[in-house]
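Enquirer: Any chance you could fold what I've pasted below:
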Amino acid sequence: MFLGTHHPRLDEKGRLFLPAKFRDKLAGGLVMTRGQERCIYIFTTDKFVDFTAGLQSSPITNAEARSFQRVMLSGATDDIPDKQGRVTVPALLRQYAGLDRDCTVIGVGDRVELWDTQRWEQFVAGAEEDFAARSEEVIPGGLF
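Expert: Numbers count the residues shown, from 1 in each chain. Take a look at the predicted model:
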């Protein structure tokens, strides 16, 4: 399970040091792709295979499903971290997420998200208020 918030930086070549506590889980390979809210989703290769199996089961006749598949999968790239725990974030994904130098990496259970730090801070500022005020169940079977 991926948890926590980390603040690595991109180097001039677009490389990112993965947080030390995530490296073992991602050492066998990972997939990066466009995420929602203009972040980058990072999955283990196995989890991405499971995720795409669900996407592939969507009906091809559904326009929303096709669009989602196209955006998600056309931006996907696989990588294996180097011995120092670095991965290269492709230019397409850096541009999509607005990444320059200061990044925030968060663990979201079964995936990692990579955010531009300023965009992450703006997201959290808006989401924390909603989270604190939550008075009904959001996730079926959840606590809220």
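
Enquirer: pLDDT below threshold where in the chain?
Expert: 135-144 (pLDDT under 70).

Enquirer: That one: strands as residue ranges?
Expert: Listed in chain order, the strands of the chain (DSSP state E) span 5-6, 15-17, 30-34, 40-44, 77-79, 86-88, 103-107, 112-116.

Enquirer: what's the spacing between the residue most central in space within the chain and residue 120?
Expert: Nearest to the mean C-alpha position of the chain, by C-alpha atoms, centre = their mean, lies residue 41 at 1.8 Å. To residue 120, residue 41 is 14 Å away according to C-beta to C-beta, to the nearest Å. Glycine gets a C-beta too; all of them are placed from N, C-alpha and C.

Enquirer: all helices of this structure, in order?
Expert: Assigned by DSSP state H, the helices in the chain fall at 20-26, 45-56, 63-74, 91-97, 117-133.

Enquirer: Generate TSV for those helices, with distance to residue 14 and mean neighbour count as supplementary columns.
Expert: TSV is the format used below for these (distance: least, C-beta to C-beta, whole Å; neighbours: other C-beta atoms under 10 Å):
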stretch	distance to residue 14	mean neighbour count
helix 20-26	17	15
helix 45-56	20	13
helix 63-74	19	12
helix 91-97	6	16
helix 117-133	16	12
